[in-house]
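Trainee: What shape does this take:
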Amino acid sequence: MEQVKLGLKENWKQFALLVIINGFVGGMVGLERSILPQIAEKEFAIAAKTAVLSFIIVFGIIKAITNYYTGTLANKFGRKKLLVAGWIIGIPIPFILMFAPSWSWIIAANVLLGINQGLTWSSTVVMKIDLVGEKQRGFAMGLNEFAGYIAVALVAFLTGWIASEYGIRPYPFYIGIVLVFFGLIGSIFFIKDTKHHVAKETINNTIPRLKNIFRDTSWKNKNLGSVTQAGLINNLNDGMAWGIFPILLASKGFPIGEIGIVTAIYPAVWGIGQLFTGKMADKFCKKDMLYIGMLLQAIALVVLVFASSMFHFVLLSSILGWGTAMVYPTFLATVAENTHPLDRAKSIGIFRLWRDLGYAIGAILTGIIADLVSINAAIIFIGLLTFASSLIIQYRMKCKTGGAVKIWDWITHKKKQDAGLRDASVLCH
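Mentor: Reported below is the predicted structural model:
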């Protein structure tokens, strides 16, 4: 116990390995990002948007439930065992996607993918938070989510490119075999459990235990509840983007190669952006980070319906990605900041339960509205929900007292500093 130290620098080797593993985890989602809706339409003649998005609905529900149980079981069985179990469950996924004779097989693959993602991503998140301690959680989560979502983007681009060159199946899904192999081998032989780090942090922790972890995380605690609803809405609009972007672009005449580029830019900006926004979450008030991030997403989504050119879609996908980058590491850092170490894994599991239910809710809402009204109506509706979520954050959350810098105060101070420098320059001349 005496040899266990908390901190990113002190645990950089294990942390770096977990970042790499999480890259493989994210790549598994990227397998489907560009081409699955087109497989539904071209190979299985599924036209209704609700039916096409059924794979996201199933994925979201299964991943959400798995997140909850991963958080609940993490302290009992250990993080590493759950991580390895997630990779074992992921072994059949690429093979099913390659050779599925019907859409129901694709749905079955997404059941396995939901379990795989819930076990592996939740485990790597909690283990990284365990390792770094209190001071660098935002940066740690930024690195974690960067690895995951840059892998989503890279694999989404690669599968789109391979599909355009060699056909939709089976070649794009060969990448999945590589991801599962290295993810499983790395988790078994190189990752160590973090239970001793949790015990170390518990000794000096002053955050009170939650009375009812589920209720407090879901809504009752103002900070945790605000984060949870925003997480749900964030993934709700991500579920919409995942399913609707390829269909929207195809309806406007974009070829599959360009669709792959646009669908990759959003998670790429989201992923790379978190290298910066994670560190920002350690410095700035987390409420401000979440409010601005959700507001940017809302603006990008509403304006999206007026986009017509490749430039428009690239720009709006980038803004949407940056808004998501501002909130994603901040979500997890805020949950960790407001929970006792012994409550943390379960609270993160509950947050991720609600957050990933957003995938299913977003896909259902988007599909119904797109089928009954139009794709544009669905996008605007999701954009307005995202705007409402930003207002809940603005009026319900509070900044942590001591240490956190409010973004608006920092901007005002910066302006005053710049004005002072200009005045001094004028006097010198």
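Trainee: now the spatially most central residue of the chain: how far from residue 321?
Mentor: Nearest to the mean C-alpha position of the chain, by C-alpha atoms, centre = their mean, lies residue 328 at 5.9 Å. Distance, residue 328 to residue 321, using C-beta to C-beta, to the nearest Å: 10 Å. Yep, even glycine has a C-beta here, placed from its N, CA and C like the rest.
Trainee: shared neighbours, those two?
Mentor: When C-beta atoms under 8 Å, 6 or more residues apart in numbering defines a contact, the residues bordering residue 328 and residue 321 alike are residue 270.
Trainee: what mean pLDDT would you report for the helix or strand where residue 85 lies?
Mentor: Here residue 85 is covered by helix 79-90, with elements defined by DSSP states H and E. Across helix 79-90, the average pLDDT comes to 97.
Trainee: That helix: which residues count as buried?
Mentor: 79, 80, 81, 82, 83, 84, 85, 86, 87, 89, 90 (16 or more other C-beta atoms under 10 Å).
Trainee: Same check on stretch 204-213?
Mentor: In stretch 204-213, counting by 16+ other C-beta under 10 Å, buried: 210, 213.
Trainee: Other residues contacting that stretch?
Mentor: With C-beta under 8 Å, 6+ apart as the criterion, stretch 204-213 contacts 216-217, 220-221, 338-343, 346-347, 350.
Trainee: end-to-end on that stretch?
Mentor: By C-alpha to C-alpha, to the nearest Å, the extent of stretch 204-213 from end to end equals 21 Å.
Trainee: Show me how far that stretch is from its chain's centre.
Mentor: Relative to the centre of its chain, stretch 204-213 is centred 26 Å away, using C-alpha atoms, centre = their mean, to the nearest Å.
Trainee: how about residue 260, what does it touch?
Mentor: Contacts of residue 260 (C-beta under 8 Å, 6+ apart): 34, 156, 157, 159, 160, 161, 163, 164.
Trainee: And residue 41, by the same measure?
Mentor: So residue 41 contacts 47, 52 (C-beta under 8 Å, 6+ apart).
Trainee: Tell me, please, where in this protein the pLDDT is lower than the cut-off.
Mentor: For the chain, the stretches with pLDDT under 70 are 1-2, 48, 401-403, 419, 421-429.
Trainee: Now whichever helix or strand comes after the helix holding residue 85 - C-alpha only, PDB.
Mentor: From helix 79-90 onward toward the C-terminus, using DSSP H and E, the following helix or strand is helix 93-99. Extracted in PDB, the C-alpha atoms of helix 93-99 (Å, rounded to 0.1, in the frame of the first residue of the first chain):
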ATOM      1  CA  ILE A  93     -18.500  -9.200 -33.900                       C
ATOM      2  CA  PRO A  94     -16.400  -8.600 -37.000                       C
ATOM      3  CA  PHE A  95     -17.200 -12.100 -38.400                       C
ATOM      4  CA  ILE A  96     -20.900 -11.600 -37.900                       C
ATOM      5  CA  LEU A  97     -20.700  -8.200 -39.700                       C
ATOM      6  CA  MET A  98     -18.800  -9.800 -42.600                       C
ATOM      7  CA  PHE A  99     -21.100 -12.700 -43.200                       C
END
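Trainee: Thank you, goodbye.
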